[in-house]
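Q: Here's a sequence, model it:
(chains A, B and C)
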Amino acid sequence: MSNFISSSIGKKVVMSLSGLFLVMFLCVHLGINMLLLFDNTGKLFNLGCHFMTNPVIKVIEPILALGFIIHIAWASMLTIQNRKARPVKYAVRNQKGNCTWSSRNMYVLGAMMLVFIIIHLMNFWAAIKLGEGTAGVMEHITYDGVTMENVYPHVVATFTNPIYCILYVIGGILLGMHLAHGFWSMFQSVGLCNNIWRKRWSCLAKLFAIVVAAGFSIIPIYMFFTC
Amino acid sequence: MADKILKEITLKVWRQKDAKSKGKFETYKIHNISQGSSFLEMLDILNEQLVSEGKEPVAFDHDCREGICGTCSLFVDGRAHGPDDDVTTCQLHMRRFDEGATITIEPWRCGGFPVIKDLIVNRGAYEQILQAGGYVSVNTGGIPDGNAIPIPKPAADEAMDAAACIGCGACAATCKNSSAMLFVAAKVSQLALLPQGKVEAARRAKAMVAKMDELGFGACTNTGACEMECPKSISIEHIARLNREFIKAKLKD
Amino acid sequence: MAVLDAKIPEGPLKDKWSNHKAKIGVVSPANKKKLDVIIVGTGLAGGSAAASLAELGYNVTTFCYQDSPRRAHSIAAQGGINAAKNYTNDNDSVYRLFYETIKGGDYRAREANVYRLAEVSGSIIDQCVAQGVPFARDYGGLLANRSFGGALVSRTFYARGQTGQQLLLGAYSAMNRQIAKGKIKSYTRHEVLDVVIVDGKARGVIARDLVTGKIERFGAHAVVLATGGYGNVFFLSTNAMGCNGSAAWQAYKRGAMFGNPCFVQIHPTCIPVHGDQQSKLTLMSESLRNDGRVWVPKKKEDAEALQKGTKTANDIPDEDRDFYLERRYPAFGNLVPRDVASRAAKERCDAGYGVNNTGKAVFLDFKYAIKEFGHKVIEERYGNLFQMYQKITDVDPYNYPMMIYPAIHYTMGGLWVDYNLMTTVPGLYAIGECNFSDHGANRLGASALMQGLADGYFILPYTIGDYLSKEIQTPKIDTTTKEFEEAEKHVTDRLKALYDIKGTKSPDHFHKALGIIMWDNIGMGRTKESLETAIKEIAALKKEFYKDLRVVGDFTAMNNELEKAARVADFFELAELMAHDALDRNESCGGHCRLESVTEEGEAKRDDENYKYVSVWEYKGDDVAPELHKEELVYENIKVQQRSYK
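A: Have a look, this model is predicted:
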């Protein structure tokens, strides 16, 4: 495996695997968030959040953080390397016909999402972990004798704010765009692709991107109008 | 059948005296171009015009003028080999352009391909990548009969798809990352698909990728722009195969 | 035979090559690494020779004017490569390939050379398969074959419509392996402008670095020219823009004699000229004649309507179409050899039956094949060629017949070589299209690739050993000697002279004008008068060239104009020799058609009594007529007869 990680393909494999890991996290995250749509009392959602405090998740949490860091760090490395590979730029460039905007701008999309994630963390992670977030102090609630954090009001408070609501919808769309390319690219980078599977992966990628983007955007919109 | 005549076209052409000099765009007007002429024939006419004015003609690479040698290499109006699909610059015809058009012509822009003069770049990097391993290690003579090893038609056809690469450099020139992956993949994939080349597939993939990285090409981000601009429409599925071959090879180390 | 010794080995035809190999000298591995060989040109012949010689252990230096050896014009060969493998069980054999090649060449090639070519043809396919050349295959996994002109069997191997490309990439990959090992030093963007002779032997070359403009010296124990043909004398040809005859021509002026300079192949299936802005002609593969039917209208009024554009091909019913090749040559039909097909097309067009606006085109129609085999099969066979045609002409050949017309394609003539492929200068070899040896007066389709690779892989590596085995005592060639100095000065002076004319017209201007003289007078039909006219006009144009040439740009820097000027200067001299040769040969044979010598049906009429020889021209000085030597051709194994494809 000598020099694998430092080779251009190795770096892409790192991007692919860390991306895959983040995709799995996204699925869980989206699953839990969906609970918001089915229970206006917030109990279901709070139970879901509480479930996420189990020991396995606790162990995975730092790995997840590491996943993010690796994905971002390697993306930055690749971007710097790739920009250096063309010291003199073209005066006229027309790429409309040959590839999608998002495939060309994955790093830009990633950077915008990073800003979103920081805001997102200030909204919720800070409230849960540090006790106080943008929507105030975290309180506790007891269901059937089990005491847990009452995250639901924070969600309501955030999503009924029109600015945050729009921000989260944009976040969902950015994520969808990132995934539309990232999802199939993941398989291409590790070589699990040919002309038949490419159609399947990119079809699946588009579907997944729409589901994720719609899923994450629908929640703030729903909450904005119903709470 | 007679072709229409373009009365006037404006050309913005990159001029650069040599590798060390700083270049700049020059603007030229040119008249009465038949739409049946190829793009390079149009440049021939520009050059005749420049010579008659005592100016140095525009240097550009070209040779076979039938789309197979891979010498011509112009970035026309923001696209490698110009605004037509599946062609080399020499196969681009003036019927793709309208009366009064302004056409911008640049050399390949890629760290791996430094400009030599005007629109001519040095593609020696591609040579070096192939020298690193783009071959089957057999000597002349002492070879079994050509039919000794049957090769399934689909594999032979796919190998031919990859082998069609003309080494023009449009892939790296068009790639936003200046990545040479499609070029490398075409050779690795062609030889990995054939029993004759499979024997040293692992060594080949590692050596060629290492050389590509060393020469300063970017990494592939799967935008697919290369296959769209490739005059021979070589598919990026070959890049997937290269990735596979490379990972497999490295896992064995 | 005092001057020319072809060194054809004794013995029966089929044993000549093996007997010869058994007798010639061999260099030991330890000595090979002390010997240097220069190879000029990196097409199929040069590339394969470079790789094979380096594998043997020689130190090889290669030169090409392109930016990579892979771009040599062999790459443009489309249709295929012949080999007497008899995989199709249609009664092919070494003898049949030999016989058809000699007959195709109109009995103007050397028996022993052609037989050897046929003999090694099978190994070429094996070698290329081993290198990873993706030849077309059948579903059973075995190699596929197609038919080509002038052959009664299917023996052509192919890789879609890109056979030349794939074979060249095979040879180039073998070269790359040796470059990586340090056994080949490859100089790209270098043009060889002179051959250096020391004590009567070729000992090196003078080359110009096309990037810096520097003139450099290179020494070696032997020099191999693999520089291709000189078809670009005609300006418009299917050759690449850079193809030139300069290295071979300078070798001629240094003492290597030139064989059959007037033998030029005119390929019948090229895309017609579109106008005077045209820079080169594009070939459509001969393989298209497998399935395409060639025709012009039967009625003159239809032809005139087509020329005016008031009718289209599809308006003309089958019964009004004249499939003239099928009519005249029922046995071979559309697959007659190239010279025959070209002349037949010219005959129809000259008679007023041409089908495009210039009246200089015939139809090649796939309607019938599409009806018989379906669109898909035709697309599979010729898809890329159809696409190429459509890109150039903007016409879809699936729905409208292609228009084609003959164009200059290949030069059978070249430097005279003996059986060892050595020119009349000891140590100077010529291989591939650069020599004159195997195709007589007309080359069969798919035989150029065969010859280039046969020379490079399987013939030169043996025969050069014979010469080099006597050179093992010769130390590294010193390039500071007076011979090298003289040669370098000669090149510099020559270029400087061109550069200093400071006239008003570009090299291209003169090249185009030369091309018109050549095509009109030394083209498909030649007469005593036309040739005499040509000689006069070439001389006048040449004079103007040396008075009014303008080479802009810097002398010691990249300068395409200077490159072109030097090539055109050599083309002038070559053109003169071609005209003299054509004038001397008052017979029609193969591609050389003297209108004074045709049968009543308009077929070429050979004159074996007077012209059964190779014309070998010796340079005698710039303003002195060259001297003609004759190599009599002896046919012991073939009955010489009037060629018939009826």
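Q: B:S189 is in contact with B:A163, correct?
A: No. Counting by CB atoms under 8 Å, B:A163 does not reach B:S189; the two are 9.0 Å apart. Just so you know, the C-beta spots here come from the backbone N, C-alpha and C atoms, and that holds for glycine as well.
Q: Secondary structure class of the closest residue to C:S279 other than its chain neighbours, three-state.
A: Leaving aside its sequence neighbours, C:S279 sits nearest to B:E41 (CB to CB, 6 or more residues apart in numbering or on different chains; 4.9 Å). Classification of B:E41 by DSSP: H, G, I helix; E, B strand; the rest coil places it in helix.
Q: what helix or strand does the residue in chain C that chain B sits nearest to sit in?
A: Taking CB to the nearest CB, chain B has its nearest neighbour within chain C at C:G141, 2.8 Å off. Following DSSP states H and E, one finds C:G141 outside all helices and strands.
Q: likewise A:L174?
A: A:L174 belongs to helix A:162-189 when elements are defined using DSSP H and E.
Q: right, and A:S189 touches A:K12 too?
A: Yes. Contact criterion CB under 8 Å: A:S189 and A:K12 qualify, at 4.3 Å.
Q: between these two, who's got more neighbours?
A: The residue with more neighbours, out of A:S189 and A:K12, is A:S189; 28 against 23, by other CB atoms under 10 Å in any protein chain shown.
Q: What is the neighbour count of residue 8?
A: Looking at chain A here, since you left the chain open. 24.
Q: Chain C is the one I meant
A: Per other CB under 10 Å, the neighbour tally for C:I8 reads 16.
Q: Quick check: it vs C:N420, distance?
A: Applying CB to CB, to the nearest Å, the value for C:I8 to C:N420 is 10 Å.
Q: what angle sits between the longest helix along chain A and helix A:162-189?
A: The residue-count maximum for a helix in chain A (DSSP state H) belongs to helix A:195-226. Put simply, helix A:195-226 runs at 170 degrees to helix A:162-189, going by axes from the mean of the first three to the mean of the last three CA atoms, to 10 degrees.
Q: does C:N19 sit in a helix, a strand or a coil?
A: When classified by three-state DSSP, C:N19 comes out as helix.
Q: What lies in contact with stretch B:9-27?
A: For stretch B:9-27, the surrounding residues in contact (CB atoms under 8 Å, 6 or more residues apart in numbering or on different chains) are A:91, B:28-31, B:33, B:42, B:46, B:58, B:97, B:100-107, B:114-119, B:122, C:557-558.
Q: What about these, which are in helices?
A: Reading helices off the contacts of stretch B:9-27 with DSSP H, I get B:M42, B:L46.
Q: Just the buried ones from the contacts of stretch B:9-27?
A: For the contacts of stretch B:9-27, a burial check counting by 16 or more other CB atoms under 10 Å in any protein chain shown picks out B:28, B:30, B:33, B:42, B:46, B:58, B:97, B:103-107, B:114-119, B:122, C:557-558.
Q: quick one, phi/psi of residue 151?
A: In the absence of a named chain, chain A is used. Per-residue torsions, A:V151: phi -80, psi -30 (degrees, to the nearest 10).
Q: my question was about chain B
A: Dihedral pair for B:I151: phi -120, psi 120, per degrees, to the nearest 10.
Q: burial of it, as a residue count?
A: Residues near B:I151, counting by other CB under 10 Å, number 21.
Q: Give me the neighbour count for the closest residue to it other than its chain neighbours.
A: Leaving out its chain neighbours, the residue that sits closest to B:I151 by CB to CB, 6+ apart is C:G141, at 5.2 Å. By other CB under 10 Å, 14 other residues sit near C:G141.
Q: contacting residues around C:G141?
A: Going by CB under 8 Å, 6+ apart, C:G141 touches B:P150, B:I151, B:P152, B:K153, B:A156.
Q: how near is the third one to B:G146?
A: What that stands for is B:P152. Computed with CB to CB, the distance linking B:P152 and B:G146 is 15 Å.
Q: domain assignment for chain B?
A: For chain B, the domain assignment from automatic domain parsing gives the residue ranges B:5-117, B:124-136+B:151-252.
Q: Serialize those domains to CSV and add fields for mean pLDDT.
A: Formatted as CSV, those follow (pLDDT from 0 to 100):
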stretch, mean pLDDT
domain B:5-117, 96
domain B:124-136+B:151-252, 97
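Q: Tell me which of those domains is the most buried.
A: Looking across the domains of chain B with neighbours counted as mean count of other CB atoms under 10 Å in any protein chain shown, the highest average goes to domain B:124-136+B:151-252: a mean of 23.
Q: what are the ranges of the strands in the stretch 251-400 of chain C?
A: Under the criterion DSSP state E, counting those that start in this stretch, the stretch 251-400 of chain C contains strands at C:258-259, C:264-270, C:293-297, C:321-322, C:362-365.
Q: can you check the stretch 51-200 of chain C too?
A: Secondary structure of the stretch 51-200 of chain C (DSSP E, counting those that start in this stretch): strands at C:59-63, C:81-82, C:156-157, C:184-187, C:190-198.
Q: Quick one, which of the ones you listed gets closest to chain A.
A: Closest approach to chain A among those (CB to the nearest CB): strand C:184-187, 25.5 Å.
Q: got a list of what B:G218 touches?
A: Counting by CB under 8 Å, 6+ apart, B:G218 makes contact with A:S8, A:Q81, A:N82, A:K84, A:A85, A:R86, B:C175, B:N177, B:S178, B:S179.
Q: which among those gets closest to chain C?
A: Closest to chain C, out of all of the contacts of B:G218 and judged by CB to the nearest CB, is B:S178, at 18.5 Å.
Q: OK, contacts around the closest residue to A:F159 other than its chain neighbours?
A: Spatial nearest neighbour of A:F159, excluding adjacent residues (CB to CB, 6+ apart): A:M223 at 3.8 Å. With CB under 8 Å, 6+ apart as the criterion, the residues that contact A:M223 are A:L36, A:V155, A:V156, A:F159, A:T160, A:C165.
Q: and the residue of chain C closest to chain B, how far is that from B:A156?
A: Per CB to CB, C:G141 is found 8 Å from B:A156.
Q: C:M422 now?
A: Applying CB to CB, the value for C:M422 to B:A156 is 39 Å.
Q: same thing with B:L215?
A: Computed as CB to CB, the B:L215 to B:A156 distance reads 31 Å.
Q: got it, and C:K183?
A: Look at C:K183 and B:A156: by CB to CB, they are 31 Å apart.
Q: Next, count neighbours for the closest residue to C:M412 other than its chain neighbours.
A: Excluding the flanking residues, the one nearest C:M412 by CB to CB, 6+ apart is C:F263, at 3.9 Å. For C:F263, the neighbour count with other CB under 10 Å is 31.
Q: after the helix or strand hosting B:A192 comes which helix or strand?
A: Element membership for B:A192 (DSSP H and E) is helix B:181-193. Downstream of helix B:181-193, the next assigned helix or strand under DSSP H and E is helix B:195-198.
Q: ok, that next one near chain A or not?
A: No. Helix B:195-198 stays clear of chain A (CB under 8 Å from any CB of the partner chain), getting no nearer than 16.0 Å.
Q: helices or strands up against that helix?
A: Helix B:195-198 sits against helix B:181-193, helix C:111-131, with contacts defined as 3 or more CB pairs under 8 Å, 6 or more residues apart in numbering or on different chains; DSSP states H and E.
Q: helices or strands up against the shortest one?
A: Okay, so that is helix B:181-193. Secondary-structure packing of helix B:181-193 (3+ CB pairs under 8 Å, 6+ apart): helix B:124-131, helix B:153-163, helix B:170-174, helix B:195-198, helix B:201-214, helix B:225-229, helix B:237-252.
Q: Please repeat the previous calculation with a cut-off of 7 Å.
A: Helices and strands touching helix B:181-193, by 3 or more CB pairs under 7 Å, 6 or more residues apart in numbering or on different chains; DSSP states H and E, are helix B:124-131, helix B:153-163, helix B:170-174, helix B:201-214, helix B:237-252.
Q: Appreciated, that's everything.
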